[in-house]
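Participant: Here's my sequence, what's the structure:
(chains A and B)
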Number of protein chains: 2
Amino acid sequence: MKLLEERIQKDGTVKEGNILKVDSFLNHQMDVELFDLMGQEFKRLFADAPINKILTIEASGIGIACVAARSFHVPVVFAKKTQTLNIDGQVLSSKVDSFTHKKTYDIIVSKKFLTQQDHVLIIDDFLANGCAVLGLMDLIRAAGAVLEGVGIAVEKGFQTGGQKLRDMGIHLESLAIVDSMDAATGRITFREQPHQS
Amino acid sequence: MKLLEERIQKDGTVKEGNILKVDSFLNHQMDVELFDLMGQEFKRLFADAPINKILTIEASGIGIACVAARSFHVPVVFAKKTQTLNIDGQVLSSKVDSFTHKKTYDIIVSKKFLTQQDHVLIIDDFLANGCAVLGLMDLIRAAGAVLEGVGIAVEKGFQTGGQKLRDMGIHLESLAIVDSMDAATGRITFREQPHQS
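Facilitator: Numbers count the residues shown, from 1 in each chain, chains lettered A, B, ... in the order given. Next up, the predicted model:
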């Protein structure tokens, strides 16, 4: 999505250690009018899928997912991160290794809100090593629901998550794929995606 | 807001200990089309205020804030909850006592995204004892920003938060105010708010 790539180039900051800061418009301060256009693009890219629910994970996925859901006319469910040990039988749970925070946490969703009837689109702000998405896929599998696809705002194409998901045959759409970035010059190279707007 | 009251009566669950569960449409699974109507009602109720930013707190406030922001055409900033001790000079921080989780946590917002230029509407899903809102007000004060008002989805009118904020002269609009509820019958009594739709 050219508009998002341009915004990342303009307002994103590249830091040493392959860190891309997009907190002025994507995941701390949030440009909701941009999210609306991203939601419309997700709807176009997943137009053929019988999606009846969007699944995301707290916290920074929620805004994008909720605004995108307006284009799909479906509810959003967000997985909660928790470190509580006493997870009861009312929830589906999985474990996620956080690369950023160097720890493992549990993610949970109430069984009431993810069931065999659901055809699910996962939406999240970032895809790097893919651990969060794989954890959400675990929940979908445990619920007996169907994964229809994964929609990501920014994929770090030089990390392994995207390739893993594509190798599994999953319909993954990342609105911007960063193939490389240079902290010294601030230059960001995006992967060509001719089928996207 | 009659529509929200009806939805709470229909899909909310009252549990012992004055617990109101609205997780099927408000704060775990989220009915985004309802959020859209809530956003329009907030816009009507705060029509005269020169709001240029919405501030909320992770996680369950984010969805409502982002969808409401479409009616205001302003960005959203969410305060992050953290238990990290090394808060640096780049952020504004405050402490919040969580009644639900029986602990105190820090909330932070980057100084870049809350400044003297900002006229802020706080939005959150629940108002009970008011600690989260008071914490967000601390951040606004520290930034030198102006608080224009507080928009809440569900206020527990029998707890002290709403009264505290109104006594401070703050323009508070809660789309539904629960004055009492009965776990045995499931009956919920809402406060009359003739100025709301």
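Participant: Looking at per-residue confidence, what score does the nearest residue to A:Lys112 once chain neighbours are set aside get?
Facilitator: Take A:Lys112 and drop its neighbours on the chain: the residue closest to it by Cβ to Cβ, 6 or more residues apart in numbering or on different chains is B:Ser24, 7.0 Å away. Every residue, glycine included, has its C-beta placed from N, CA and C. pLDDT for B:Ser24: 96.
Participant: and what of the one 4 residues further on?
Facilitator: Per-residue confidence (pLDDT) for B:His28: 96.
Participant: do A:His101 as well
Facilitator: 71.
Participant: List, one by one, the residues from chain A near chain B.
Facilitator: By Cβ under 8 Å from any Cβ of the partner chain, the part of chain A that sits against chain B consists of A:23-25, A:28-33, A:35-36, A:58-59, A:62-63, A:65-67, A:69-70, A:73-78, A:80, A:109-110, A:112-113.
Participant: about what we covered before: ok, now how distant is the residue nearest to A:Lys112 from B:Ile8?
Facilitator: In this view, B:Ser24 and B:Ile8 are 11 Å apart by Cβ to Cβ, to the nearest Å.
Participant: quick one: which of the two has more around it?
Facilitator: Between B:Ser24 and B:Ile8, counted using other Cβ atoms under 10 Å in any protein chain shown, B:Ile8 has the larger neighbour count: 23 against 20.
Participant: same for whichever strand or helix holds that one, what does it pack against?
Facilitator: According to DSSP states H and E, B:Ile8 maps onto helix B:2-11. Secondary-structure packing of helix B:2-11 (3 or more Cβ pairs under 8 Å, 6 or more residues apart in numbering or on different chains; DSSP states H and E): helix B:32-45, strand B:146-156, strand B:172-181, strand B:188-190.
Participant: any chance of these in CSV, with mean neighbour count, mean pLDDT and distance to B:Lys2 too?
Facilitator: Output for the helices and strands packed on helix B:2-11, formatted as CSV (neighbours: other Cβ atoms under 10 Å in any protein chain shown; pLDDT from 0 to 100; distance: least, Cβ to Cβ, whole Å):
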stretch, mean neighbour count, mean pLDDT, distance to B:Lys2
helix B:32-45, 20, 98, 10
strand B:146-156, 24, 98, 14
strand B:172-181, 21, 98, 9
strand B:188-190, 17, 97, 9
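Participant: Which of the residues of chain A next to chain B fall in helices?
Facilitator: A:Val32, A:Glu33, A:Phe35, A:Asp36, A:Ile62, A:Gly63, A:Ala65, A:Cys66, A:Val67, A:Ala69, A:Arg70 (DSSP state H).
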